[in-house]
Structure formats: C-alpha cells, structure tokens
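Visitor: here is the input, now give the coordinates:
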Amino acid sequence: MSVRRYAANVDKSQKEIVRQLIQMGATVELNHDDILVGFMGLNFWFECKTPTNKAGTRPKWGKRENESRERQRLLRERWRGQLDEVYTFEQCREIIRERLTTLERSISIMAKREELSA
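Guide: I've put the predicted structure just below:
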C-alpha cells in the first residue's frame, strides 16, 4: 500500500506540472528522474517533488522509495548539467524564464562585441 500512496503523491504533483508545461507549448518526456522538458530549443531537467503536508512532514516511504531517493541523491551529486528540484509549475516556468533571459543577454553581449571588433 505504501508504494501506491507514494506513486499517487508523485503523480499528483507531476501530472499538474506536466499538464501546464504542455499547455504553454513545451514537450515533456517522463521517466527520466522525473521529467525532461523541451522549450524554445532548450532542454530542462526537472525533478518533481511532492510538497509537505499541512503538518510540515512528508509521507513515509517504503524501502523501494528510499532506494529511489538514494539513487536520485547520487545522481544530483554526480550530474554536471542542469537538474532542478521543483514543487510547482510556477517554479518550472520561472527557471525556464531565467534561462531564456540569460541566453538573450548573452546573445546581445556577443552581438555588441562583434560590432565593436568590426
């Protein structure tokens, strides 16, 4: 039963995040610890987390879920690319917005440098 409860909690937050990402025009691939998102030619890797309950605690996990959490911890330690932990769609959207803004600034700086050197 604890496995089902865990899966339901993950699915609840992840499904809503995925639904809203698709609605804003992103492509989403599941089962990659947790979701891979493509938007405007950029890739994002989000690990969807279940928010704490009203008491400020998370549901208790069984052995299988603890092994999964350990695997995710090791991945986060070793991964050298972008991997963000998110609880809501709004967090995903803000991360995407920040990365697009940074990219736009970089392109603008490169263009100005080219103008100066020409």
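Visitor: going by C-alpha atoms from here, please, whenever you check contacts or count neighbours.
Guide: Noted.
Visitor: A helix includes Val28, no?
Guide: No. Under DSSP: H, G, I helix; E, B strand; the rest coil, Val28 falls outside any helix and is assigned strand.
Visitor: residues near it, how many?
Guide: A count of nearby residues for Val28, using other CA atoms under 10 Å, gives 17.
Visitor: list the buried ones in the lengthiest helix in the chain?
Guide: Using DSSP state H to assign secondary structure, the helix with the most residues in the chain is helix 89-117. For helix 89-117, burial by neighbour count (16 or more other CA atoms under 10 Å) applies to Phe89, Cys92, Ile95, Ile96.
Visitor: nearest residue to the second one other than its sequence neighbours?
Guide: Yep, that's Cys92 we're talking about. Closest residue to Cys92 apart from its sequence neighbours, by CA to CA, 6 or more residues apart in numbering: Val86 at 6.6 Å.
Visitor: who's the one you found bridged to?
Guide: On the basis of DSSP bridges, Val86 is bridged to Cys48.
Visitor: tell me where the protein is predicted with low confidence.
Guide: With pLDDT under 70 as the threshold, the chain has low-confidence stretches at 1-11, 52-68.
Visitor: for Lys112, see how far away the spatially most central residue of the chain is.
Guide: Nearest to the mean C-alpha position of the chain, counting by CA atoms, centre = their mean, stands Phe46 at 1.6 Å. Spatial separation of Phe46 from Lys112 under the definition CA to CA, to the nearest Å is 33 Å.
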